[in-house]
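Asks: Got a predicted structure plus its sequence, pasted below:
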Amino acid sequence: MLPIQNNNSIIYNNWLLIKVDVRKGILMKKFFCLLSLLAVVLLTSCDEKGNNSNAGMKVYFLNVGKADCIVAMLDDMVIMNDTGDSDCYAMIKSFLEEHEISKIDYLILSHYDADHIANADNLLKDFEIGQIYGPDYVRDSNHYRKLVEKAEEKGVEFTKLSCDDDDYTFENGNAMIWINVPNEETYKSDDDYSLITSLYYDKTKVLLMGDCNKSRTIEFNNIINDTYNLIKLPHHGEYNKGEIDLVDKADNDSYYVVSTGSSDLVETKLMTLIENNDMDVYYTYDGTICFESDGVECSISQ
């Protein structure tokens, strides 16, 4: 199409091209100043509204030995699942400070063994904690007593979930957290009181199994038909028959994490299960693991 022309401008394919006397140049200068100002406004707006540096999912499995400490960042929301044993607090604190985390929105304690709650009181002392969730039983230990006392002192709500409660779910934008509660009032082992936490970010799903033994693992397998992009296997490399069915909960190209102190702690039966099913497993004794997703595409590094 030929351009339509008049004395002051050319209209070409619906774009207006302004003709200016070069010797005067005033209108052209104003025009470019206006364009520059508009570009700055647009870039600033995008930076403030659409370019959140914390957007997406990041889940860190910290190298805390034969213990659990998992830090998840879902957009601007921070969740910690268990707090490791007492000998690793300096490392956990350093990690949080390095990632400029001053507030943990939700502290989820799978159960009250020392290797899962030993640093809870220190975290309450040094960081802002929004809310704490744990299973509904009492552990006769100094770590448990310090946790309860420090939560009361700081005025942090400590919600205990039992078989009488519904599974607990909360959402924030693209993120959702689902806490599965135990089905029974009592178990032979404290491990089976473990809260099982699922983290969802858009289409990405992560499963954190705490220290579930056989009965609790089978209990969960019987109620869930979902599949996951990453599964943190229970109990630091110990094997239970319920883990066989956890393989079916894996999505295509799923990852598995074992949080343990050395390869010697991974039981032979679990190693056989891993080898027979060609499972892509990462171990925290090799270093902290980072799982990332934009909601669709996932990656893992160590």
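Replies: Received it, and whenever you're ready, just let me know what you need.

Asks: Can I take it that residue 79 is in a strand?
Replies: Yes - secondary structure of residue 79 (DSSP: H, G, I helix; E, B strand; the rest coil): part of a strand.

Asks: and the nearest residue to residue 259 once chain neighbours are set aside, what does it touch?
Replies: Spatial nearest neighbour of residue 259, excluding adjacent residues (C-beta to C-beta, 6 or more residues apart in numbering): residue 284 at 4.7 Å. C-betas here are computed from N, CA, C, even on glycine. Contacts were defined as C-beta atoms under 8 Å, 6 or more residues apart in numbering; by that measure residue 284 touches 61-65, 257-260.

Asks: Keep only those of the residues you listed that are in helices.
Replies: When these are checked against helices (DSSP state H), there are no matches.

Asks: Most neighbours out of those residues, which is it?
Replies: Neighbour tally across those (other C-beta atoms under 10 Å): the maximum, 30 neighbours, falls on residue 259.

Asks: what's the distance between that residue and residue 223?
Replies: Here the distance between residue 259 and residue 223 works out to 24 Å (C-beta to C-beta, to the nearest Å).

Asks: Now do the domain split for this structure, please.
Replies: If you go by automatic domain parsing, the domain ranges for the chain are 4-49, 57-301.

Asks: excluding its backbone neighbours, what's nearest residue 114?
Replies: With C-beta to C-beta, 6+ apart as the measure, residue 143 is the residue that lies nearest to residue 114, at 5.2 Å, once sequence neighbours are left out.

Asks: Also residue 279?
Replies: residue 256 (5.2 Å).

Asks: again, but for residue 110
Replies: Once its chain neighbours are removed from consideration, residue 110 has its nearest residue in residue 210; the separation is 3.1 Å (C-beta to C-beta, 6+ apart).

Asks: Just list the residues touching that neighbour, thanks.
Replies: Residue 210 makes contacts with 68, 82, 110-111, 116, 191, 194-197, 234, as judged by C-beta under 8 Å, 6+ apart.

Asks: helix/strand/coil for the residue most central in space within the chain?
Replies: Taking C-alpha atoms, centre = their mean as the criterion, residue 72 is the residue nearest the geometric centre of the chain, at 2.5 Å. Following three-state DSSP, the label given to residue 72 is strand.

Asks: is it in a bridge, and if so with what?
Replies: When bridges are called by DSSP bridges, residue 72 pairs up with residue 59, residue 79.

Asks: Okay, now the unreliable bits of the chain?
Replies: When the per-residue scores of the chain are filtered using pLDDT under 70, the ranges that remain are 1-54.

Asks: mind listing the helices for it?
Replies: Along the chain, the stretches classed as helices by DSSP H are 26-49, 89-98, 114-117, 120-126, 142-154, 214-221, 243-246, 268-276.

Asks: export the fourth one as PDB, just CAs?
Replies: What follows is helix 120-126 as a C-alpha-only set of coordinates in PDB (Å, rounded to 0.1, in the frame of the first residue of the first chain):
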ATOM      1  CA  ALA A 120      12.800 -24.400  66.500                       C
ATOM      2  CA  ASP A 121      13.300 -22.400  69.700                       C
ATOM      3  CA  ASN A 122      16.400 -20.700  68.200                       C
ATOM      4  CA  LEU A 123      14.500 -19.800  65.000                       C
ATOM      5  CA  LEU A 124      11.700 -18.300  67.100                       C
ATOM      6  CA  LYS A 125      14.400 -16.200  68.900                       C
ATOM      7  CA  ASP A 126      16.200 -15.000  65.900                       C
END
